[in-house]
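1. Using only what follows, build the 3D model:
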Amino acid sequence: MGKKHIYLLTYVATTNLESKKTMRQLKGKVKESKKEKRERKKDFAENKRRFFTVALPIIILLIAVLLFFIYTNTREKRKIE
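-> This next block holds a predicted model:
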């Protein structure tokens, strides 16, 4: 008799869940709309432009300073006589 009672409760619980069905989350990526795709591409182009105008000159400057530092510390010093 105890098993029937448990079975009945689970049946009632599943029936209540089925009556409150909601859309379940599917696995995988969410399909983006045309507007979202356009905005993503615009952001990507902006980040690419920003890389060439901000980050690249800073990287080149740091490399130049590093090379100058290495050059000045490794060259032969002139002796004043």
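2. Low-confidence ranges, the protein, go.
-> Where the chain drops to pLDDT under 70, the residues are 1-23, 25-26, 79, 81.
3. ok, residue 31 - how many residues close by?
-> Per other C-beta atoms under 10 Å, the neighbour tally for residue 31 reads 7. Backbone N, C-alpha and C define where each C-beta goes, glycine included.
4. no no, residue 36
-> Neighbour count for residue 36, taken as other C-beta under 10 Å: 11.
5. Return the distance of it relative to residue 74.
-> With distances defined as C-beta to C-beta, to the nearest Å, the gap from residue 36 to residue 74 amounts to 53 Å.
6. Helices along the chain, start to end?
-> Counting by DSSP state H, one finds helices in the chain at the ranges 2-19, 34-50, 56-74.
7. Show residues contacting the longest one.
-> Spelled out, that is helix 56-74. The contact list for helix 56-74, computed with C-beta atoms under 8 Å, 6 or more residues apart in numbering, is empty.
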